[in-house]
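Participant: Just a sequence and a predicted model for now, questions to come.
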Amino acid sequence: MSGKGHQPIEGGPSVGVPAEGEIRIGVYVCHCGSNIAGVVDVVEVTRWAGEALKDQGVVVARDYRFMCSSPGQDLVTNDIRDLGLNRIVVAACSPHLHENTFRTATARAGLNPYLCELVSIREQDSWVHTDKAAATAKAKAILSGGVERVRRNTPLDAINVDINPATLVVGGGIAGIQAALEIADAGFHVYLVEKDASIGGHMAQFDKTFPTLDCAACILTPRMVSAGTHPNVTLLTWSEVTHVDGYVGNFTATIRKKARYVDESLCTGCGICQEKCPKNVIDEVYEAGLGYRKAIYTPFDQAVPRTPVIDRENCTYFQKGTCKACEKFCETNAIRFDQQDEEITVDVGNIILATGYEIFDARRIAQYGYGRLPNVFTSLEFERLSNSAGPTNGRIVLRDGVTEPKTVGVIHCVGSRDRNFNNYCSSICCMQSLKFAHLVKEHTGATVYNFYIDMRTTAKSYDEFYQRVMEEGTLFVRGKPAEVTEAGRLPGEEGKLIVQVEDTLAGRQRRIPVDMVVLSVGLQPRPDAKELATRFGISCSSDGWAIEKHPKLDPVATMTEGVFIAGCVSGPKDIPTSVAQGAAAAARVLGRIQMKQMNLEPIKASVHSEHCSGCRICNTMCPYNAISFDAAKGVSGINAAMCQGCGTCVAACPAGAIAGTGFSDEQVLAQIEGLLRVGADGAPLKRSAYPGTRQDAIEEVVRT
Amino acid sequence: MSRYLYYPGCSMDGSGRAYGESLTAVCEKLGLTLAEIDDWNCCGATEYVGVSLSPAYSLIARNLAIASKAKTDGEPLVAACSACYLNLAKADSYMKERPQLGERVNVALNAGGLHYDPGAVEIRHLLEVIMNDVGLDQVRANVVKPLAGLRVAPYLGCMLPRPDPDHRWKNHERPDDLDRLLEALGADVVDFPLKTECCGGHMTQIAPKVGLELIKRLVDEAEHHLADMMVTVCPMCQINIDAYQGEMNAEFHTKHKMPIVFFTQLMGVAFGLDQKKMGIGRELTDARPALKKIGKELQAVAVEAGAAHRPRPDKRALPMPRMDDEAPAGEARQ
């Protein structure tokens, strides 16, 4: 576990000296089909670069339809060999997209890849402008900036780190379980951390899964048992990760194991304590507030682990000092009222976050009456109602616990696709609502209405399920209900809930009386999503969903090396997709483990300790916790492996003591000068394009 | 800030006199100074915007222009009539949103030597001022005669609180401001499901059958909840439900006698002010018999009616969802 350590890697990349001798720059301007060439006159930009930037060291300038294609890359590599180029500027798309492509090509030709710069004339120019002449002038300015910058680039070498083969998986829902099992089965160790008393997540609460109507527990519990018994999995339930240090390959996570008040090594999971506990408590978590548990409890019968926890807030002994019924009846003396929270640390190479979602709080939409009108239920409540292991043993009944509904209305998009709440589609609710319609029919034979905006049944076998539910006789009303009211006034409305809705297909207002309303509530990020993101150094959207490294091409990675995401932490997903993501994240981690080592980008910040005053302003600013203070020397230092090269500290340092390799002040100022040197008409100016602008004034702008 | 510019609107001296009288007294009691703007004109009510937009908004904006001139220290302009409030707020917001409309309106205003820059005046409704600026604690501190024993149905009507361009109201779909105010006065407040439904507006004049049907829905529902009276914030709602209740009874062969008063009238009563000076008795469906219930035990049937909506206590009954103001999770409700 330990041994690898995470001492700061001394020094970081070599800053290097400018390449000796003559600077020979090659400029390559991409058409990107018509993406760039449709707005920017690339031929003119190329011609101009070859002539006007000669004094800056440009020896060749070429344009090509698709510079990222093989023949396009060959232009670069051949010129490096044939013309002895030692700097490359590619004017094309965003560096996010193809910087790596051209740096790799540069390296193939034997030149240090960091002597190649990509400047964006697509995202920052052709895609955002329509005036061709001005866009062409802007492309020249951007290119001129790139040329000035690349002149000051220095060769950099990648940093190499070891990868600890152990992995931390946070969240024990289906995505986390899948990820943990994939890695464990491959022979590597996994720490699976779950905040609740059992793994299983939301899926353990469900009755059936769409569209196949498999029993959720039947397919989930074997996985839970595997995770609980796998020799390569250390299961830490009733636990939370409180702190993470380190960097890819070498993380140290601090985990708080909350006191269960039960000795896990002695408990056999017989359940006598729960039977004897006199205190009934509404189970707001597993039973969604619809059923009861005891003050000492395992959330459900198939819980993994079987060891119960004591809910201190509701335990008679903890609150009043007497009772101890559980202790009296426990045959193995496993009850420990004096147990304390415990902190443990684990060393891991990679982290997978699979922390899931929570459901939208239906009380926020007051006009649907949840919490006020007894027979309005949420989808999670309905799952418990229809579950044979639930509070009604699977009887679908009204809040009185007895009466079967004769008519049920299911409202889609509650809290989703609604600009007052969440703009996004929660993706699972259409299918979930169809499943409810089927289950109501099957259990009670009641008439079911589905109130929908659009039906979205796009995955495999989903639309077939929709057709099946239509054939079963479920009634579909296209319209978002305005309200659910108890105020009946027409015959047949007495004692009913009335769904007031504009039927947009019939083109009229309807009042539909029903006995029960089920709100198909949307999914939303966990309330602590932003805290979690900060703790693990990843970013999340304004909604709170974790952001992928690339939404299409790298959906389970994050911008932080070594931290992966799976399942609903990055947005609403159904079970198959969550499982696929769990497995995908595991595959990415296994790839890293297999490599044993990996290279890190050398774009890093470093402190010139002779200029550092030890003010420590930068220490708290670093989003990756890469900066520490050396008290003995009185200066701050940056751990090169943890640094992601964001530049925050460089900008923040009041003494200018922090420099970034690849983005030194010299490079950035030169780039700005290069930009300003081209006039609005595209003509090269002898002086700054802005008369009166002096070098120190530019520096002032950069500094402030 | 306790000084406000005040736009009374046409009804305050006429059909809504009880509103005007009571709000003046109540605001004085709460330390709110209402400075009536000079030379104001009709807001056009619900009709004029349906005829022609530019003249309608010019008519409304004239009041805004006068108010912006009268403003000395950023005082908001307060209206108590829902139609007035809505028209003022809409004119301001639409002039902001559609510069062309703003220009046309200002051409018209210019003929009278006036000008209005949208956004220059903050437009607010009296209920919202009392809820947000005065606060319920201050209201409670003034209550000397709690309205206990009086069962009231809070009725906002359809012009409040939506649309709400400045986002002052907490919940537009099911507002509870009036409910909370009446609770602070000590009344037994009905959870009135039709609180934002339409009273019929001018339909009582142009299509009486439609208007009377809408009134019937409201009065039926208030009766169903065993309300002693309805309480409103809008002169139009008040006059429709009060004055047309007889016609409605004749049309539907019903015998409803549901009084409807303004919330400021009940505030005055709870503050111990003279009922007559609060305009009580001006209504056509007499509210005085109902007001005699104040201080008496709530009738058993009314208590029962409140309970009827909750599930019967059965040990198989499922718990209700926890609401935010309830005890924290966990405590058994068996």
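Facilitator: Structure's in. What do you need?
Participant: Neighbouring strands - and their directions - for the helix or strand containing residue A:659?
Facilitator: Take DSSP states H and E as the rule and residue A:659 turns out to sit in strand A:658-660. Neighbouring strands of strand A:658-660 in its sheet, by DSSP bridges, are strand A:605-607 (antiparallel).
Participant: Run through the residues that contact the residue lying closest to residue A:482 once chain neighbours are set aside.
Facilitator: Residue nearest to residue A:482 in three dimensions, not counting chain neighbours: residue A:500, with 4.8 Å by C-beta to C-beta, 6 or more residues apart in numbering or on different chains. Every C-beta, even on glycine, is put in place using the N, C-alpha and C of the backbone. In this structure, residue A:500 makes contact with A:481, A:482, A:483, A:484, A:485, A:509, A:510, A:511, judged by C-beta atoms under 8 Å, 6 or more residues apart in numbering or on different chains.
Participant: again, but for residue A:73
Facilitator: In this structure, residue A:73 makes contact with A:67, A:101, A:102, A:105, judged by C-beta under 8 Å, 6+ apart.
Participant: Next, find the distance separating it from residue A:62.
Facilitator: 12 Å (C-beta to C-beta, to the nearest Å).
Participant: ranges for the strands of the stretch 501-650 of chain A?
Facilitator: Counting by DSSP state E, counting those that start in this stretch, the segments of the stretch 501-650 of chain A that form strands are A:508-514, A:516-521, A:523-525, A:563-565, A:597-600, A:605-607, A:627-630, A:635-638.
Participant: I'd like to know which elements the fourth one is packed against.
Facilitator: Which is strand A:563-565. Packed against strand A:563-565 by the contact rule (3 or more C-beta pairs under 8 Å, 6 or more residues apart in numbering or on different chains; DSSP states H and E) you find strand A:350-353, helix A:575-595.
Participant: Give me every residue in chain A that's in contact range of chain B.
Facilitator: Counting by C-beta under 8 Å from any C-beta of the partner chain, the residues of chain A lying close to chain B are A:279-282, A:284, A:289-292, A:311, A:313-314, A:362-363, A:365-367, A:370-374, A:378, A:381, A:391-392, A:397-402, A:483, A:485-487, A:489.
Participant: Domain ranges for chain B, per the record?
Facilitator: Following the assignment in automatic domain parsing, chain B carries domains at B:3-126, B:145-306.
Participant: in the chain, which helix or strand is least confident?
Facilitator: Picking chain A for this. Confidence across the helices and strands of chain A bottoms out at helix A:695-703, with a mean of 48, counting by mean pLDDT, DSSP states H and E.
Participant: Can you look at chain B instead?
Facilitator: When the helices and strands of chain B are scored by mean pLDDT, DSSP H and E, helix B:300-308 comes last with a mean of 56.
Participant: Low-confidence bits of the stretch 351-500 of chain A, can you list those?
Facilitator: Low-confidence segments of the stretch 351-500 of chain A (pLDDT under 70): none present.
Participant: For residue A:179, list the residues it contacts.
Facilitator: For residue A:179, the residues meeting the contact criterion (C-beta under 8 Å, 6+ apart) are A:169, A:352, A:354, A:566, A:582, A:583, A:585, A:586, A:589.
Participant: hey, which of the helices and strands packed on strand A:563-565 is tucked in deepest?
Facilitator: Mean neighbour counts were taken over the helices and strands packed on strand A:563-565 using mean count of other C-beta atoms under 10 Å in any protein chain shown, and the top value, a mean of 29, falls to strand A:350-353.
Participant: Could you identify the helix or strand that succeeds that strand?
Facilitator: Past strand A:350-353, further along toward the C-terminus, the next helix or strand under DSSP H and E is strand A:357-359.
Participant: what lines up beside that next one in the sheet?
Facilitator: Taking DSSP bridges as the criterion, strand A:357-359 sits next to strand A:523-525 (antiparallel) in its sheet.
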